[in-house]
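# I'd like to go over a predicted model; first the sequence, then the structure.
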There are 2 protein chains.
Amino acid sequence: MTASEVQRGSSRSASAYPPRIAQGLAQGRALRPNGKIVPGDARGHNLSLVLQTLYRSGTQSRADIARVTGLTRVTVSALVTELMADGLVVELGQREDVRPGKPATLIDLNRAGFQIVGLDLSEHAVFRGAVLDLDGNILARAEVALEHRVGEAALALVIDLTRRLVSASTAPLLGIGVGSPGVVDLGGVVLTAPNLGWVDVALQQTLADEFGVGVIVANDANAAVLAEHSFGDADSDAMLVKVGHGVGAGLLLGGTPLFGSRFAAGEIGHVVVGTDGGATCVCGKVGCLETWLSIPNLTAKLAGSEPADRDAVLVEAGQRLGIALAPVVGALNLSEIILSGPTGLLDGVLAQATVETLRSRTMAEFHGFLTLRMTALGQDIVLRGAAVMVLSDSLGVS
Amino acid sequence: MTASEVQRGSSRSASAYPPRIAQGLAQGRALRPNGKIVPGDARGHNLSLVLQTLYRSGTQSRADIARVTGLTRVTVSALVTELMADGLVVELGQREDVRPGKPATLIDLNRAGFQIVGLDLSEHAVFRGAVLDLDGNILARAEVALEHRVGEAALALVIDLTRRLVSASTAPLLGIGVGSPGVVDLGGVVLTAPNLGWVDVALQQTLADEFGVGVIVANDANAAVLAEHSFGDADSDAMLVKVGHGVGAGLLLGGTPLFGSRFAAGEIGHVVVGTDGGATCVCGKVGCLETWLSIPNLTAKLAGSEPADRDAVLVEAGQRLGIALAPVVGALNLSEIILSGPTGLLDGVLAQATVETLRSRTMAEFHGFLTLRMTALGQDIVLRGAAVMVLSDSLGVS
DNA sequence: CTTTGTTTGTTCGTAAGCTTTACTAACAAA
DNA sequence: TTTGTTAGTAAAGCTTACGAACAAACAAAG
């Protein structure tokens, strides 16, 4: 078990950093239970602010950060000193410009110093995972076939996959992020995931215990919309509709994900669409969105229809999606909807039908602002979203 | 113009307090633009925290507040001293209990020391307003008939009404809150309000200039849902559907109102419902929610039908509301929907039809958690919501 | 009646954080 | 060489919250 030892060692050395950091910085974002603020909270927030500035704008000088953040150069210097001591920030030598004055010392996130493990459990037949750098680039991949395993067996598969990825990492881990199907609470407990046969599985805690690193588990569509926000073009208010074996959505409102009163926000697959019947769904209702739009149902319909009718099937599916989304778009005043799933099916007439339906069923004033497009992140959207969750949690970067 | 002078004097003396306070406390809630936190921000937050504790739990001692907030008695004493110097908190003598130890000195918000002016511009034929105390009790009322005035004339009416209410106040004003129909941005500019013929009316700024007090203007349904949260039983995730001349909604997610990317969140009146046609709406589309549910349309249908068919009309309206809300309930995982409007029409078979439709069109797991009820705040819901906005803005109380 | 213990609220000294002010280093331009 | 600008650091000061200690007030036990 040499691999196991290496991995153990790796995770231990990684855990030397994150606990302290994660604690120190998380305070800046989430208020403590009673809501009071102590000086240390302010410092945590400002540390996170410096990291965010570096993360978003890249290499720059302390003075640059001071100008952007409004903090003084003195304070920024102190914060940077602390972050360098923690290994999160590194100096990169002097700026090359020809300008008057003392040359700036460039600093940046220690982008090579940490890596992230991301997992995507949302696909039907495989668990996929990757090692990513802090910029969300994928450095290594791994996957494991599910072969209809459920419950404990599926959980063991997740742990195995994670172990392989942790071993494959070549720098201390900042954390592990997981996008899981189903309903996931804020503590990373998978409350229900029918396809995996999971009920109340404390996935986050299990992985944290196993690997000794910070772990974040969230719904796959929520992870995806975060990825689209960080790496795609999504602004702070967006809805990502993920079409696959089922249909789910992730909502971003004001830059923060929406979870819902029972952590089931975005579960629109089993909302009945329209008032003219439809097919009977596995859930027992008639005319659920999934009966029109899920990939199995859609491919079945396409297989059973003449090639000439292919477009009609896709248009109908797109219209149904538009009908279901119209009240949501109106109620939330959404301006951006993103589709994730098989491009061959979704992009084109289906998406076109969706946006036309949406525009014909909502208020004229908002049509101009409503955009609908495919994600540009492709298959890796959940993996990269999982990385965003880790970055957000342990660095306060968003 | 003696009344005018009195009102002027009143608003001036009121403005001696709020500016400083509002500034000091608002910082605790809204981050400054660049996002940094300085020690003063933390203090503002903690001052607000003490006020919130007093507001929610009423009269208590400094030591009680220390226990609840987690701050030390020392710190609480300092904060209370500052709040007393500002006139926001008063001592009420010693606690009467028979207990060992030094008797506690009771303190409370200076509930009699400030008043609030609230305005409701959302009714069809009248502008209504009131003077309220800090607990949301209505101390005085005033209203003015609209008589189809629009544009500048309607704005003048608002100013007149406000002037009368300011004169009627018997304590310094904490601020003025306004619930306006239409789309209102975060700066209190009414972007569009068709019924009033308003486009880009800077109502908040206008009133602030006129009366020299803090003013908050927001959409009427947003104000209503805040009232329901503070004075009714609504929890932190709720949707309030306001049925009147039009149909609008206010959304509360995680305790904060949702505004939407173009400040038009909740505008569901002109979302098309169902896939089986319907009446043509004034907006040009066919089957908008308002064609079924707005009070004018509903009463017209009731008048044109046999008394025996009355229930059928109401059931149909309720079902249409349910059809429109189902995707929203699913996407946001809402657990609470509140109806506001004429009880005689909405309560009963209509509401029953809505909730049944909702349950039959969304996922089974969430049925048990979904409640739908009428507001208990009646006609004054917007006025009281306007008061909540002022409290929230100037004291940080929510 | 005295003593003991509890609770409240204040005073004093300390630690932490950010700012202002002042300084040195480094370099361009005149 | 002089002047002016920019970067980064150092020292001092102000604000904020905390812990320790203490006085006041009172109940309950002895």
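Received, thanks.
# what does chain A put close to DNA strand D?
Contact residues, chain A versus DNA strand D (Cβ under 7 Å from any atom of the strand): A:36-39, A:61-64, A:73-74, A:77, A:81, A:99-105. For glycine as for every other residue, the C-beta is placed from the backbone atoms N, C-alpha and C.
# change it to 6 Å
Residues of chain A lying close to DNA strand D by Cβ under 6 Å from any atom of the strand are A:38-39, A:61-63, A:73-74, A:77, A:100-102, A:104-105.
# among those, which two are most distant?
Taking Cβ to Cβ as the measure, the residues of chain A next to DNA strand D span a maximum distance of 42.1 Å, between A:38 and A:100.
# distance of residue A:251 from residue B:236?
16 Å (Cβ to Cβ, to the nearest Å).
# more neighbours: those two, which one.
Per other Cβ atoms under 10 Å in any protein chain shown, whichever of residue A:251 and residue B:236 has more neighbours is residue A:251, with 26 against 14.
# what's opposite that one in the beta bridge?
residue A:239 (DSSP bridges).
# so what pLDDT did it get?
Residue A:251 is assigned a predicted lDDT (pLDDT) of 98.
# correct me if wrong: it contacts residue A:264.
No - when contacts are counted by Cβ atoms under 8 Å, residue A:251 is not listed as touching residue A:264 (11.6 Å).
# residues in contact with residue A:356?
Residues near residue A:356 by Cβ atoms under 8 Å, 6 or more residues apart in numbering or on different chains: residue A:322.
# how near is it to residue A:305?
Distance of residue A:356 to residue A:305, computed by Cβ to Cβ: 21 Å.
# which other helices and strands contact the helix or strand where residue A:165 lies?
Using DSSP states H and E, residue A:165 falls within helix A:151-168. Using 3 or more Cβ pairs under 8 Å, 6 or more residues apart in numbering or on different chains; DSSP states H and E, the elements in contact with helix A:151-168 are helix A:2-15, strand A:115-120, strand A:126-132, strand A:138-145, strand A:173-180, strand A:198-201, helix A:203-211.
# mean pLDDT for the ones you listed: which is lowest?
Among those, helix A:2-15 scores lowest, with a mean of 28.
# tell me the pLDDT of residue A:155.
98.
# my guess is it meets residue A:205, correct?
No - with contacts counted by Cβ under 8 Å, residue A:155 stays clear of residue A:205, the gap being 11.9 Å.
# for chain B, what's its nearest residue on the stretch 151-300 of chain A.
Using Cβ to the nearest Cβ, the closest approach of the stretch 151-300 of chain A to chain B is made by residue A:260 at 2.6 Å.
# got a list of what that residue touches?
By Cβ under 8 Å, 6+ apart, the contact list for residue A:260 reads A:266, B:237, B:332-334.
# what do you get for residue A:296?
Applying Cβ under 8 Å, 6+ apart, we find residue A:296 in contact with residue A:245.
# give me the buried positions along the host helix or strand of it.
Under DSSP H and E, the secondary-structure element containing residue A:296 is helix A:295-303. Buried residues in helix A:295-303, counted by 16 or more other Cβ atoms under 10 Å in any protein chain shown: A:295, A:297-298, A:301.
# and the longest helix along chain A, what does it pack against?
For chain A, the helix with the greatest residue count under DSSP state H is helix A:310-332. In terms of contacts (3+ Cβ pairs under 8 Å, 6+ apart), helix A:310-332 is packed against strand A:238-243, helix A:289-293, helix A:295-303, helix A:349-361, strand B:247-253, helix B:310-332.
# can you do 7 Å?
Applying 3 or more Cβ pairs under 7 Å, 6 or more residues apart in numbering or on different chains; DSSP states H and E, we find helix A:310-332 packed against helix A:289-293, helix A:295-303, helix A:349-361, helix B:310-332.
# reformat the ones you listed as a markdown table; add distance to residue A:326 and mean pLDDT.
Compiled in a markdown table, the helices and strands packed on helix A:310-332 are given as follows (distance: least, Cβ to Cβ, whole Å; pLDDT from 0 to 100):
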| stretch | distance to residue A:326 | mean pLDDT |
| --- | --- | --- |
| helix A:289-293 | 12 | 94 |
| helix A:295-303 | 20 | 93 |
| helix A:349-361 | 4 | 95 |
| helix B:310-332 | 8 | 96 |
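# which of these sits most buried?
Among the helices and strands packed on helix A:310-332, helix A:289-293 has the highest mean neighbour count (mean count of other Cβ atoms under 10 Å in any protein chain shown), at a mean of 26.
# counting neighbours, what do you get for residue A:228?
With other Cβ under 10 Å as criterion, residue A:228 counts 26.
# contacts for the helix or strand encompassing it?
In the assignment (DSSP H and E), residue A:228 maps to helix A:220-230. Helix A:220-230 is contacted from outside by A:120, A:122, A:179-181, A:234, A:238, A:240, A:242, A:248-252, A:257, A:266, A:338, A:340, A:375, A:377, A:381-382, A:384-386, A:388-389, using Cβ atoms under 7 Å, 6 or more residues apart in numbering or on different chains.
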